[in-house]
Structures are given as structure tokens and as C-alpha cells.
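Asker: here you go, sequence then predicted model.
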Amino acid sequence: GNSVTQMEGPVTLSEEAFLTINCTYTATGYPSLFWYVQYPGEGLQLLLKATKADDKGSNKGFEATYRKETTSFHLEKGSVQVSDSAVYFCALIQAAGNKLTFGGGTRVLVKP
Amino acid sequence: DTAVSQTPKYLVTQMGNDKSIKCEQNLGHDTMYWYKQDSKKFLKIMFSYNNKELIINETVPNRFSPKSPDKAHLNLHINSLELGDSAVYFCASSPLGTSPNEQYFGPGTRLTVT
């Protein structure tokens, strides 16, 4: 079956630091890949997505590139802010499917 | 506002009770979902309905019964609540026929069973 593995947190950073959250997946075919963000006390929001190999998703300064050869979709941001403190989830959907498979989530805490 | 909404936001109840969580979306989407997030933040799909028809039913105890009166609503009824049912339950929706299937989540319902 499909699975998503992401680095365990918490990840604690200072403001303006570089953030990387690793995500790797196992799936047949060519799934679509997503990063969702959950701010404290809120629901999940789609942060970015990529639908095919070498696609780069980007939003709010975050980026992730769909790497088929390494089955990875690592999330990066060059300079984090306190407001980026949240839990980040990597997820995939099988092509033509509608069931999201999530990673375990990575909590990020950015300190001033 | 267009959104996915859930009620209640918090639900505290005792073991053995029966409770319902309601979900509504006014996005015009055809497909709706229920997800469970446990205390370690792990998220797993429970059910999916497409235009009132059940299309995904993961390994969930039959104490959980989704009900979709129309395509804008997907309610979750839980019988004989157990301590292990304590979690945050998220409703989501997505439009039919889009690729990839982008899902929009509600704010969650935190269920605490004592």
C-alpha cells in the first residue's frame, strides 16, 4: 500500500533560519504530492502541491520538488518566521484516486 | 464565507454514550470525507462519500456510521463511545473530476471521551 514517511519533530529554529522537512513516499505509479500545514488550534490548509516528476510546488516562501528518482518531496523555506510555527504534513494521492495518505506530521517551532 | 464547517468544535462525553458530529460544505463539492487525528497528530481517512454514496470505508469499527443526507452534508455518528475514540475528527471535501484531488478541510472537532 501507499505510505508517507516524514522526519519526526519537533524542529526548533530561530527566526530567519533555513527550514527543511524531509518527506519520502512509497506508492505505485505517479501519485500527486502535497504539503498541508496545521496552525495551532486550526484545521489543515493546503500549502503546496506537485503532480508530476520534477514539478516544484511553492507558496508563502515554501518550496518542494517532486523527485521521482528518490521518491521524495522535501519541504524548504529559506527564512522562517515565528508565524510559521505549525505542524506540517506531507501527503499523497494515487493517480485518479481520492484517498489522501498522510505522513506522521512534523511540528516546527520558530523562536524569535 | 465559503468553507467546510463542523459542529461542535469541542465535544466531551462519557464512555458508552452516542454522539454525532456534523459537517457542511458550501463549496459545491461532490465528495466529502472524514479523517481521524490521534493524540500523536497521525491522520487517517475513515470514510468518503461521493454525492451521498459511500466510496471509501477504511477499517473502522461499525460503531462509526457516516450519514450523508445530501451532497453538502456528511455527518458522523458514533455509538457506544470508548476512551480510544478520543481524537480530533476532520471533515473535508473536494470537487469531482479535478486532478489532483485537492481536499479542503474543516476546523476539526475535538472529541474527549471520559
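Answerer: Perfect, thanks for sending it.

Asker: for the rest of this, base every contact and every neighbour count on C-alpha atoms.
Answerer: Will do.

Asker: count of neighbours near B:Leu76?
Answerer: Neighbour count of B:Leu76, defined by other CA atoms under 10 Å in any protein chain shown: 18.

Asker: since we're on the residue nearest to A:Lys56 when sequence neighbours are not counted, how many residues are nearby?
Answerer: The spatially closest residue to A:Lys56, leaving aside those adjacent along the chain, is A:Thr65, at 4.3 Å (CA to CA, 6 or more residues apart in numbering or on different chains). Close neighbours of A:Thr65, defined as other CA under 10 Å, add up to 20.

Asker: list the contacts for A:Thr65?
Answerer: With CA atoms under 8 Å, 6 or more residues apart in numbering or on different chains as the criterion, the residues that contact A:Thr65 are A:Ala50, A:Asp54, A:Asp55, A:Lys56, A:Gly57, A:Ser72, A:Phe73, A:His74, A:Leu75.

Asker: now A:Cys23
Answerer: A:Val4, A:Thr5, A:Gln6, A:Met7, A:Ser72, A:Phe73, A:His74, A:Leu75, A:Cys90, A:Gly103.

Asker: B:Ser39: which of the residues you listed is nearest?
Answerer: Nearest to B:Ser39 among those, counting by CA to CA, is A:Gly103 at 14.4 Å.

Asker: quick one, phi/psi of B:Gly84?
Answerer: With angles defined as degrees, to the nearest 10, B:Gly84 sits at phi -70, psi -10.

Asker: ditto for B:Asp85
Answerer: phi -80, psi -10.

Asker: got a list of what the residue nearest to it when sequence neighbours are not counted touches?
Answerer: Nearest residue to B:Asp85, sequence neighbours excluded (CA to CA, 6+ apart): B:Val113, at 6.8 Å. Taking CA under 8 Å, 6+ apart, we find B:Val113 in contact with B:Val12, B:Thr13, B:Gln14, B:Met15, B:Leu81, B:Glu82, B:Leu83, B:Gly84, B:Asp85, B:Ser86.

Asker: ok so, going back, any idea how far chain B is from the residue nearest to A:Lys56?
Answerer: The gap separating A:Thr65 from chain B is 16 Å, by CA to the nearest CA, to the nearest Å.

Asker: of the contacts of A:Cys23, list those near chain B.
Answerer: Restricting those to those adjacent to chain B (criterion: CA under 8 Å from any CA of the partner chain) gives A:Gly103.

Asker: list the beta-bridge partners for A:Thr101.
Answerer: The partner list for A:Thr101 in beta bridges (DSSP bridges) reads A:Leu92.

Asker: so it touches A:Gly1, yeah?
Answerer: No: counting by CA atoms under 8 Å, A:Thr101 does not reach A:Gly1; the two are 9.9 Å apart.
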